[in-house]
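Sharing a model that was predicted from the sequence below.
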Amino acid sequence: MEKPNRRSFLGGIAAGVAGGLAGLPALNSSAAAAGDMPYRTLGRTGEKVSVLGMGGWQFGRMASEEESSRFIRTGIDEGINYIEAAWDYHAGLSEYRLGKALLDGWQKKVFLTTKINGRRKDMAEWQLNESLRRLRTDTIDLVIFHEVLYMEEPDIIFGPNGALEAFLAAREAGKIRFIGFSGHYAPEVQLRLLDLAAKNNFRFDVGMIALNVMDPHYKSFGKLVLPRLVEQEMGVLAFKTMGGGGFLGTENILEKIKVTPAECVRYAMSLPTTVVISGMDRMEVLKQNIETARGLRPMSEPEVASLLAKTAPVGNGGQYEWFKGPAGLRRTQELKGTYV
């Protein structure tokens, strides 16, 4: 069979996304023996990372340091090597607990990521140094511009004395290795960020975007942003795969439409994503997601079509993706003093 060229491949992604993301293969998947954790190549970085990643918001909510350390180390023992936190999670407690869990040689087993709110150079530099201290490390593998939600933020980041200057200096000093961004409110903001990066002859290493079974129906990151990330050979991190808790809230919309949490995770892993980040808060959920990852079989076109037919009637207004509405901006509004 003739190997498709890059243009036709990207055209297939765009067409597939527009039609519901049906049948898109995972990029750079490494073969795994039955029952093993699959790993994928993180874009141009060349780093091999687990298809399932651990999100750090929940680390700060656990009852004790001992519980969070046990949880994190269990994930690592089961093959997860992508773990992240963020400067602002629980006023730094999540980073602190992650750093504690990775003492005694555990950090060597992971690809360590954190996220920074600062948009100006001085604030980003201060937050980055705080993160290094909390994480008890001299080098963080990946640092992400966290929750780029407002249209003016990319201009601040790339402007004079913008946060990119701090990130580039930190990379030069060996404090960070790779640079990325995240967003979950409006795809247009991430497109603006990518446009400004190109204008400034800069390429992000990684993009972290909201991708889930409701996304194709409303303000879709999959339709608008994902093809750009693939085109630029960036690592693709998927988050909000369970709607940031919105799918399993008091209404439990998944149960009503007969979609399982495992299908949600498998769907995101079937896209051209590198890591699907899950905010897991219990061993039961950790084990379930590990089982899904280890048994990963990318969804076929008919499977995706059937799944998205179930989510279309309830997903076309974004009501189960709270982060794409006013509530998605509220947290950043509260933190605005920390990023300017």
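Thanks, I have the structure now.

List the backbone torsions phi and psi for the closest residue to Ile179 other than its chain neighbours.
Nearest-residue entry for Ile179: Phe167, 5.2 Å, with adjacent residues in sequence omitted and distances by CB to CB, 6 or more residues apart in numbering. (Each C-beta comes from the backbone N, C-alpha and C, glycine too.) Backbone torsions for Phe167, taken as degrees, to the nearest 10, come to phi -70, psi -40.

How many neighbouring residues does Phe167 have?
26 (other CB atoms under 10 Å).

How much space separates it from Gln107?
21 Å (CB to CB, to the nearest Å).

same check, this time on Glu66
Glu66 is 18 Å from Gln107, by CB to CB.

out of these two, which sits in the busier spot?
Gln107 (19 against 12).

secondary structure class for the more buried one?
At Gln107 the chain is in helix, as set by DSSP: H, G, I helix; E, B strand; the rest coil.

quick one: stretch 188-198 to chain centroid distance?
Here stretch 188-198 is found 17 Å from its chain centre; the criterion is CA atoms, centre = their mean, to the nearest Å.

ok, the residue nearest to Ile179 - contacts?
Residues near Phe167 by CB atoms under 8 Å, 6 or more residues apart in numbering: 124, 128, 143, 176, 179.

nearest to Leu254, of the residues you listed?
Val143 (33.3 Å; CB to CB).

How about the closest one, nearest residue that isn't a chain neighbour?
In space, Val143 is closest to Ile176, 4.6 Å off (CB to CB, 6+ apart).

what's the answer for Met151, then?
Using CB to CB, 6+ apart, the nearest residue to Met151 is Val189, at 5.7 Å.

list the contacts for that neighbour?
148-151, 153-154, 183.

thinking again about what came up before, can you tell me which of the contacts of Phe167 is closest to Ala101?
For Ala101, the closest of the contacts of Phe167 turns out to be Val143, at 19.1 Å, with distances computed as CB to CB.

tell me the secondary structure for the closest one?
When the rule is three-state DSSP, Val143 gets the label strand.

Over to Asp36?
Classification of Asp36 using three-state DSSP returns coil.

Run a quick check on it versus Arg294, I expect a contact.
Yes: counting by CB atoms under 8 Å, Asp36 touches Arg294, with 6.4 Å between them.

Looking at those two now, which is surrounded by more residues?
A side-by-side neighbour count of Asp36 and Arg294, using other CB under 10 Å, places Arg294 first with 18 against 12.

and that one, backbone torsions?
Arg294 has phi and psi values of phi -70, psi -30 when expressed as degrees, to the nearest 10.

can you give me the helices in the stretch 1-150 of the chain?
If DSSP state H, counting those that start in this stretch is used as the criterion, the helices of the stretch 1-150 of the chain fall at 6-18, 65-77, 93-101, 121-135.

helix or strand for Ala327, which one?
Assessed by DSSP states H and E, Ala327 sits inside helix 326-334.

Oops, could you answer that again for Pro227 instead?
Using DSSP H and E, Pro227 sits within helix 226-231.
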